[in-house]
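Visitor: The sequence and its predicted three-dimensional model are supplied below.
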Amino acid sequence: MKDATTLLQADLSGLEWEAWCEQLEDLAGDDGYCEPLGPDHAALLIEKKPTLLVTFETRTRIIAGSTSGQPMAWPLIDALGWSHMALFAKHDTWFRAPHVISYFDRLIDDGFFDEFDQVLFYGAGSCGYAACAFSVSAPGSHVLALQPQATLSPHLAGWDGRFVKERRRDFTSRFGYAPDMLEAADHAWIAYNPNSLLDAMHASLFARANATLIPARFMGNDLQDAFLRTNLLYRMLAQMSSRKLTRASLAKLMRARRSDVGYLTNLMLHLERGGQFRRMKTLCEAVLREQELRPIRRGLIRANHALENPQE
C-alpha cells in the first residue's frame, strides 16, 4: 500500500475510466488491488488496520465532488488508519450487476470479512442501497446509508417514479431487497430527507429493530453533500467504529447544522413559506450575530418588510 501522503496527494482528475482504475491499482500497492468487475464496476482494496470501511461510489459523483478525482473516503482512512474497500460504478447502477454479485459471493466464500475486527458499510442514494444490500455479506457489520432506496422493483416500489428506466434491473435475486439484507447487521443508521415524500417512504421500509431512522430535516436534497460539509459523515463513522453512536450522541453531532449555511437557509425559507415572519426575523438576527451570511441578510430584509407591511 502507498503511504497516506501519496494517496492524498494523488491527482486522479481528467482520467478516463480505465486509466483511473489503473492509477488506483498502482496506489493500492502490493497488499491491495483495483479489480475490474465487468465493464461498469470496479473494486478497490487498501489494507491497513483491522477496521474495514466498505464504501460505494459512482464515478460521476466523484468527478462532480472532487477536483483531484479521489474517492470520498480517503481523508477518513488517512485520519483513522482504517482499511478501505471501495466499490465503484461508472454511473448509478445500484450495483445490480452479475459481476458485483459474484464478487461479494467470492468474498463470502473466502471468509474475507472474517479477517477484520470490524466492518462498516457506507453509501448514499443508489450507493446507500448497495451499502445496505451487501452488508449481509459481513454479519455483525455497522451500516450508514443516506437516502437509500429499498428497491426499485415495480412490485414493491412502483410509487417511485424517479427511476423508471432503472426498474429493468433485477432487484429480486441475490442481495436484492435492501431492508431484508440488514438482518445480519449489528446496527444500521438510515438518514433521509423528511421533506421528500419518496425519500421518507423508502426510509420507512428500512424500519427494523436493528435500524435507526434519522430524519435529517432542512439539510436539503443532497444529504451526502450536507453531511460532508458539516463533517457529520466522518464523525458518525468514527463513533460507529467505537460503538459510541447513540441517539443522544447523534443529537449532539447534529448541532453542527446550526452553523451550516445550507441548513440555516432551508430553515429560514421554511418559516417564510409558512408565513412565520416573526420567527424568521428572530432566526435571521440570531444567525447574523454569529456570522454574516448573505442569504440570511436578505431573508432578514424580507422578514422586516413582511412585518411592516402585513396587508401586502
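Guide: Done, it's in.
Visitor: The helix or strand hosting Leu76: how far from the chain's middle?
Guide: Element membership for Leu76, per DSSP states H and E: helix 74-80. When distances are taken as CA atoms, centre = their mean, to the nearest Å, helix 74-80 is centred 16 Å away from the chain's centroid.
Visitor: which other helices and strands contact it?
Guide: Of the remaining helices and strands, those touching helix 74-80 by 3 or more CB pairs under 8 Å, 6 or more residues apart in numbering; DSSP states H and E are helix 4-9, strand 49-58, strand 82-89, helix 232-241. In short, each C-beta sits where N, CA and C put it, glycine included.
Visitor: any idea where the helices of the stretch 51-200 of the chain begin and end?
Guide: Counting by DSSP state H, counting those that start in this stretch, one finds helices in the stretch 51-200 of the chain at the ranges 59-65, 74-80, 98-110, 126-134, 154-157, 178-181, 197-205.
Visitor: Tell me which of those helices lies nearest to Asp92.
Guide: Distance to Asp92, taken as CB to CB, is lowest for helix 126-134 among the helices of the stretch 51-200 of the chain, at 4.4 Å.
Visitor: domain assignment for this structure?
Guide: As given by automatic domain parsing, the domain ranges for the chain are 4-259, 262-308.
Visitor: looking at the chain, which helix or strand is least sure?
Guide: helix 4-9 (a mean of 69; mean pLDDT, DSSP states H and E).
Visitor: Geometric centre of this structure: which residue is closest?
Guide: Taking CA atoms, centre = their mean, the centroid of the chain lies closest to Ala124, which sits 3.2 Å from it.
Visitor: That one touches Gln149, doesn't it?
Guide: No: assessed by CB atoms under 8 Å, Ala124 is found out of contact with Gln149, at 10.8 Å.
Visitor: for the chain, what are the low-confidence residue spans?
Guide: With pLDDT under 70 as the threshold, the chain has low-confidence stretches at 1-5.
Visitor: which other residues reach stretch 183-196?
Guide: Identification of contacts with stretch 183-196 by CB atoms under 8 Å, 6 or more residues apart in numbering yields 132, 135-136, 138-148, 182, 199-200, 202-203, 206, 208, 210-221, 223, 227, 236, 240, 245, 250.
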